[in-house]
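[1] Predicted model and sequence follow; I will ask about them next.
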Amino acid sequence: MTVIVQITPEIGPGTGVGAVAHHLEQEWTRLGIDVRRFSLSEAGGDWLPQPGGGVRGRLALITRVVWFSTVGTRRARAYLRAHPEELSVCHNDVVAGDVYVNHGIVQAAMRARGHYRLRMLRNPLHLFTTTRDRLRYSRRGSHRVVVNLVSAEEALLRQSYPRLAIPTVVIGNGVDIERFRPPSDTERADARAALGRTPDDRVVLFIGNEFGRKGLPLLLEAMARLDDRTHLHVVGGTPDLVAQASSSAAAAGLGERVHFDGPHADPRPWLRAADVLVMPSAYESFGLVVLEALATGVPVVATPTGCVPDLVVDGVNGAVVDATPDAVARGLAAVLDGDAAELSRHARAAAEQHSWSRVARRYLDLLRTVRGIDPLADARGDDLLGEPPGADPIAATRPVSNGGRP
């Protein structure tokens, strides 16, 4: 039986990059493929502390990234040498695996936020990951192919690493359209009541852990321009980030309209209660929460980063706005005053084109292309490289050369 091993520090719903690996694992398992994990545990990092707020939390994060990048790379390479028949997909840190999924470029994120040199120099983790990835992308043997999540990210990758030596393709993330679905009237009413919101309140939702990059300070300024019926619920953030943002909200007179609900693995209760999701990010490699919101029937107001230009249409299922408080406030007002039922219907329709089942099959086609092994052959009981009769055909994604030519 064909085996696929996924290499990433953690795998599970609500864990960012780990959630992508989780959904791929689920879909491949449903297709009868043996899916295995190489995580921080397999890299001998079980003893490392969990990241959190404050200096200790940041040091814990640095330690985990460095460990999985160094010790993890050595152990992952040894594992793959011992199991040459296994196909491999790497999502983070480790420099090994047939396919590497680019979930973000540090340089691009820092440039988008301004004061690039200062941001890079004051955080040793930025310098480490940049050096690590310069080695990753400049050596042809590191991976067989790099997956970028959107076309714009592919361009940024080539700009950030002009000596890119590995072929690239674009495969976007997906969404579980069964798990994330529009709520019934009762589910919506219950979710809003659980947050303390009345039927007349307008619920704005922000989901994210990096408040600065994802634009929460800008959103707080925009909230000051909206009426008193409008409430903002913030899901995510470390204790120190929440404390700082809470002080800013109180200083702006928003203390009673901004609610910090902390990090949660399952965003569905908040999505069911929301009238709109806001993501005024300076940079996103994709922005999975946008797809999850749209699948739940929640319109999105966001800056044109990550998947937003491909998914959000002004006046149809949300608004694409500039990264200014006035622009975000205008986008929110337009959506909140719009036809809620129509916005929700179009939001759901956009997400339905991006199910995880389709995305998982595109990865299988890619693995078949780069390794000449059909992951579905054993599951089907045959040795054919083509799709089984009656299957939904998805053409294999062909790698792009370093110069961008097919």
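    Good, I have the coordinates.
[2] And the strands in the stretch 201-350 of the chain, which stretches?
    With DSSP state E, counting those that start in this stretch, the ranges of strands along the stretch 201-350 of the chain come out as 202-207, 230-235, 258-262, 276-279, 300-302, 318-320.
[3] contact partners of the first one?
    Strand 202-207 has contacts (C-beta atoms under 8 Å, 6 or more residues apart in numbering) with 192, 195, 197, 214, 216, 219, 223, 229-236, 267, 270-271, 273-279, 289, 293, 298, 332, 336. Yep, even glycine has a C-beta here, placed from its N, CA and C like the rest.
[4] still on that earlier bit, Serialize the strands of the stretch 201-350 of the chain to CSV and add fields for mean pLDDT.
    What follows is the strands of the stretch 201-350 of the chain, written out as CSV (pLDDT from 0 to 100):
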stretch, mean pLDDT
strand 202-207, 98
strand 230-235, 98
strand 258-262, 96
strand 276-279, 98
strand 300-302, 98
strand 318-320, 98
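[5] Same list (the ones you listed) but as CSV, adding distance to Ala109 and mean neighbour count.
    Listed next are the strands of the stretch 201-350 of the chain as CSV, based on distance: least, C-beta to C-beta, whole Å; neighbours: other C-beta atoms under 10 Å:
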stretch, distance to Ala109, mean neighbour count
strand 202-207, 18, 24
strand 230-235, 20, 22
strand 258-262, 23, 17
strand 276-279, 14, 27
strand 300-302, 16, 28
strand 318-320, 19, 25
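[6] Format those as a markdown table; extra columns: distance to Gln50.
    Below are the strands of the stretch 201-350 of the chain laid out as a markdown table (distance: least, C-beta to C-beta, whole Å):
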| stretch | distance to Gln50 |
| --- | --- |
| strand 202-207 | 20 |
| strand 230-235 | 19 |
| strand 258-262 | 15 |
| strand 276-279 | 26 |
| strand 300-302 | 30 |
| strand 318-320 | 35 |
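[7] Between these, which one is closest to Glu85.
    strand 202-207 (39.7 Å; C-beta to C-beta).
[8] Output the closest one as PDB - backbone C-alpha positions only.
    Extracted in PDB, the C-alpha atoms of strand 202-207 (Å, rounded to 0.1, in the frame of the first residue of the first chain):
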ATOM      1  CA  ARG A 202     -24.400  43.700  14.700                       C
ATOM      2  CA  VAL A 203     -21.500  41.200  15.200                       C
ATOM      3  CA  VAL A 204     -18.100  41.800  13.600                       C
ATOM      4  CA  LEU A 205     -15.700  38.900  14.000                       C
ATOM      5  CA  PHE A 206     -11.900  38.900  14.000                       C
ATOM      6  CA  ILE A 207     -10.000  35.600  14.200                       C
END
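[9] quick one: strands adjacent to it?
    Using DSSP bridges, strand 202-207 pairs in its sheet with strand 230-235 (parallel), strand 276-279 (parallel).
[10] Can you name the residues in contact with the longest one?
    The list of residues contacting strand 230-235 from outside it, by C-beta under 8 Å, 6+ apart, reads 195, 197, 201-208, 216, 219-220, 223, 242, 245, 254, 257-264, 267, 270, 273-274, 332, 336.
[11] Where do the helices of the stretch 201-350 of the chain begin and end?
    Listed in chain order, the helices of the stretch 201-350 of the chain (DSSP state H, counting those that start in this stretch) span 216-223, 239-251, 268-273, 288-295, 308-311, 325-336, 340-351.
[12] Distance to Val35 added to these, as TSV?
    Output for these, formatted as TSV (distance: least, C-beta to C-beta, whole Å):
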stretch	distance to Val35
helix 216-223	36
helix 239-251	34
helix 268-273	25
helix 288-295	20
helix 308-311	28
helix 325-336	39
helix 340-351	24
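[13] can you list those in JSON lines and add distance to Val5, mean pLDDT and mean neighbour count?
    Listed next are these as JSON lines, based on distance: least, C-beta to C-beta, whole Å; pLDDT from 0 to 100; neighbours: other C-beta atoms under 10 Å:
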{"stretch": "helix 216-223", "distance to Val5": "36", "mean pLDDT": "97", "mean neighbour count": "22"}
{"stretch": "helix 239-251", "distance to Val5": "34", "mean pLDDT": "94", "mean neighbour count": "16"}
{"stretch": "helix 268-273", "distance to Val5": "30", "mean pLDDT": "98", "mean neighbour count": "22"}
{"stretch": "helix 288-295", "distance to Val5": "22", "mean pLDDT": "95", "mean neighbour count": "27"}
{"stretch": "helix 308-311", "distance to Val5": "30", "mean pLDDT": "94", "mean neighbour count": "20"}
{"stretch": "helix 325-336", "distance to Val5": "42", "mean pLDDT": "98", "mean neighbour count": "20"}
{"stretch": "helix 340-351", "distance to Val5": "29", "mean pLDDT": "97", "mean neighbour count": "18"}
